Every structure is written in C-alpha cells, then in structure tokens.
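J.: Would you be able to build a 3D model of this:
(4 chains)
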Number of protein chains: 2
Amino acid sequence: MANTRDADTARRILEAARKVFLEKGMAGARMQEIADEAGINKAMLHYYFRSKEQLFRQVFEEALADMMPKVHAAVLQPMRIKDKLKTFVRVYFEQVRAHPVVPLFVLHELHRSGASLAEVFVEQMKQAVPRAPGLFPQILLDELRAAAARGEPGAHKPDHLLVSLMAMCVFPFVARPMICALMGMDEAAFERFLDERVSQVELFLDSVFPEER
Amino acid sequence: MANTRDADTARRILEAARKVFLEKGMAGARMQEIADEAGINKAMLHYYFRSKEQLFRQVFEEALADMMPKVHAAVLQPMRIKDKLKTFVRVYFEQVRAHPVVPLFVLHELHRSGASLAEVFVEQMKQAVPRAPGLFPQILLDELRAAAARGEPGAHKPDHLLVSLMAMCVFPFVARPMICALMGMDEAAFERFLDERVSQVELFLDSVFPEER
DNA sequence: GTCTATATCGGGATAGAC
DNA sequence: GTCTATCCCGATATAGAC
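T.: Sure thing, here's the model as predicted:
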C-alpha cells in the first residue's frame, strides 16, 4: 500500500542522510549527495523533511538513540561499583565500535552549535531509558561518590575517573587517523589494537580498585 | 615600509582565518567572515592566499606547529620512563589547554580529508623538532617497550598506555560540551575540573608504575 | 508521491580602477 | 596593495506537471 511505500522512502532517505551527515558533518553535507545515495532526487528530501536542518536534527537524534539505551541499561544492573564500571566499559566500547563515526560527529556538531544542540542531546539521553533515575553519568557518579566515602578508589576523584573511562573508550575512534599516522598502524594493526582495548581498560580499573583481601 | 605592511596584513588574515576555521571547520567557514574578522575585504584574502583551500592549509599547519614543538622537546629529555610520561602529560596538557579547540579541529579535518591531510600532519610533526630521532609517540613507544622487557608496566601494553594518556589529556577538550551537559558542570566547575586534571592523570601513572622498594 | 524545471541566494573567485 | 563591482557556480528550496 501507499503507506508502506512512504515509510520505506522516508527510511531510505534517513539511511542515506545518516551516511552522508556522519561522514561530512552538517556543513559539509550536500542534499544532492544524500538524494543520490538514496536513489531519488532532491525534491523528495524536502517533501519528506522540510529542510536540511530538520533532516539533520532527525539524524542527530537517531544517532544518539542507536547507541545510548544499551549503555543506560547496563548501568542500571545491580553490581558492586568496580564490576559495574567494567560492564559500562565493555558495553560502551561495543556500542561505539558498532557506530564508530558517531562520536566525532556528535562532538563536532555539539561544538559548532554552541549548546543549542546540547539540549537535544540531553533530551535524547533522558528518553533512552524512560524511567531511569537520571543520566548514566549521574548514576555512576553517585555510586562512585558512595564508594569514595568508603575510601575505595584511593585518591581518584569520581568525575575524573568517569571522564577517563569514557576517554579511553571513545578516543581511539575519534582520533583514529591521528593514532594510525603517529604510531604507524595500518588498518589491520588498528583492528587488533581495538580487539585488545577493553581488556587494557579493565587493567586500569584493576589498579584503581585493588582487590582487598 | 611596504614590506612590513604586507607581512602585517598577511598576519592579520591568518589570525582571522585561524579563529574562524578553528571554530567552524573548513566546510563551515566563510571567506566573508574571515575578511570581516580581519577588517578587510574578500579580494585581499585571494590576493595573499590564492584560495580558501590554501588559506586553510596554512592555518592547519600553524595550528599543529603551535602545539607540538614543546611536547617533542619534553620527550627528548633524559629521564626514567615513568617521569618522562608524567612530564609528557604535563606539557601536552598545558599545550592543549593553551589551544583548546585545536584538537577537535584537527581530528575533524583529518577524518573528512581521508588521509590526504594525514601526510601534512605527519610532515608537520617531523618539522616540529628537526633533528629528533622520530615522532614523539615513537620515542615514547620505544622506551616503553624497553621498560616492558624489564616487566615494568605490568600487563599494560605500550601502545594502549600511550593512547590512554593522550586520551585522558585531550578528551576533556574535545568533549567539553558533552561532559558539561552529562555531568552538570557549568563553566566554572569545568575549569576547576581542568585544574585538577594533570594530577589525576599522574595518579593513573603511579598505579601503573608502582614504586619498587 | 515522484519527477523536471526553476527560483533564489550565497559563496568563492576574478577584473579592473585607484 | 587595497578597494568595488561582478562573474559564475553550486546549493537549498519551491512550483507545478504527471
């Protein structure tokens, strides 16, 4: 029926738009290229989505929606903090690896938009897990502060610890070309590097949370 | 004299171009805005630099040239590896903090240019310290491998360790809007966070390289 | 809904006077 | 070397036929 066809076309457009926007960013993307990628013409883009801006918004929101729910869910599991952080690292890294260009895209657009996209960003995070008590960083921070009260992660401060973990997971994808150039890695070497990454970050957590005996 | 005036104008243009390119990226930047920022008109931009592309190249190269020499120099000092890494972290972080938007700019442009800028990037790094035995990551990696042969950083692999250190230094600047949004920091809170950052990364190094006694 | 044709505008680049 | 005026293309967006 017509309805199915419509929805399907909208999907095709969104897939194409996602591909182009994520690769080139809002400013670098061309509506023509999106149309070509979707196998239709420019007029259709404006028929389904009013403007480039609106199409971009949709892509931006979906890019976040793809990655965050599983991370949120992982953080809500009851566990002691050390294991929860390891779980967070594993799930977060997996999600990023499945969508490797999303982080740089999001960070670049957040930067240029000067906080107008930041609201969209936070809103999207809240919708990731509807009835969660807060954003995943807040949940982890609260538990880390409780652990800190028990003297657990030594002199490591909760906010720095969390930022470091995110950094270690995300940075390889954000900085891939630079890392490869600086450290002389080719594609294959970099993939092997990624294969080892989670266990190396877990090592970091082991040293921050030494097993008491 | 005329010569001074020329050089001065070229400088003014470069400063303006730097400001605009770093904020908006190559694709988002407008020659008109650069001209306004420099207090001249568009024609002058093309007179001094042939094209937007050439102007961009110059800005890109200078952005790297501003940051890297001190890092390179720091890494060449003779020290035991642990102290050298701490020095690296301190100097690298200081450099990035002095030019906080450079990393995201460089990473975004490296990504979109698909390795054509990577050559410029590597070339610029080599020129940072003319007679150095190699790029700073290679120097650190070599020493880390030697340390690894002595069993020093435990199970931490040299390449992962180095990437983690760079990540911990750079990520706060690359992800600033995201971090502020997710963790509920305002400008002042984030600056305090940055003030603590180096010492928190050093803590990480202390746990990776425990003092033998 | 989908296409072709076109309006409209903005941006990079150049010509030419001074 | 610096300006004004202009060229010309490309990009978003819309009109209108089918």
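
J.: Wait, A:G28 touches B:R112, no?
T.: Yes. A:G28 is within contact range of B:R112, at 6.2 Å (criterion: C-beta atoms under 8 Å). Backbone N, C-alpha and C define where each C-beta goes, glycine included.

J.: Name the residues contacting each of these two.
T.: B:M26, B:A27 (C-beta atoms under 8 Å, 6 or more residues apart in numbering or on different chains).

J.: Heading C-terminal from the longest helix along chain A, find the next helix or strand.
T.: Identified as the longest helix of chain A according to DSSP state H is helix A:2-28. Downstream of helix A:2-28, the first helix or strand assigned by DSSP states H and E is helix A:31-38.

J.: Pull the CA coordinates from that next one and hand them back as PDB.
T.: Only the C-alpha atoms of helix A:31-38 are listed here, as PDB (Å, rounded to 0.1, in the frame of the first residue of the first chain):
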ATOM      1  CA  MET A  31      21.500  17.500  -0.200                       C
ATOM      2  CA  GLN A  32      22.300  16.300  -3.700                       C
ATOM      3  CA  GLU A  33      24.700  13.600  -2.400                       C
ATOM      4  CA  ILE A  34      22.000  12.500   0.100                       C
ATOM      5  CA  ALA A  35      19.500  12.200  -2.700                       C
ATOM      6  CA  ASP A  36      21.900  10.300  -4.900                       C
ATOM      7  CA  GLU A  37      22.700   8.000  -2.000                       C
ATOM      8  CA  ALA A  38      19.000   7.300  -1.500                       C
END
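
J.: For it, name the packing helices and strands.
T.: helix A:2-28, helix A:42-48 (3 or more C-beta pairs under 8 Å, 6 or more residues apart in numbering or on different chains; DSSP states H and E).

J.: at 10 Å what do you get?
T.: On a contact count with 3 or more C-beta pairs under 10 Å, 6 or more residues apart in numbering or on different chains; DSSP states H and E, helix A:31-38 meets helix A:2-28, helix A:42-48, helix A:52-76.

J.: Return the angle between stretch directions for the longest helix of chain A and helix A:31-38.
T.: With axes from the mean of the first three to the mean of the last three C-alpha atoms, to 10 degrees defining the directions, helix A:2-28 sits at 140 degrees from helix A:31-38.

J.: what's the angle from helix A:2-28 to helix A:52-76?
T.: 90 degrees.

J.: So which other helices or strands are in contact with helix A:2-28?
T.: By 3+ C-beta pairs under 10 Å, 6+ apart, helix A:2-28 packs against helix A:31-38, helix A:42-48, helix A:52-76, helix A:102-113, helix B:2-28, helix B:102-113.

J.: Pick out the shakiest of those, pLDDT-wise.
T.: Lowest mean pLDDT within the helices and strands packed on helix A:2-28: helix B:2-28, a mean of 90.

J.: Determine how far that helix lies from the middle of the whole chain.
T.: 19 Å (C-alpha atoms, centre = their mean, to the nearest Å).

J.: Can you give me the buried ones in it?
T.: B:9-10, B:12-14, B:16-22, B:24-26, B:28 (16 or more other C-beta atoms under 10 Å in any protein chain shown).

J.: Chain A: which of those is nearest?
T.: B:G28 (3.6 Å; C-beta to the nearest C-beta).
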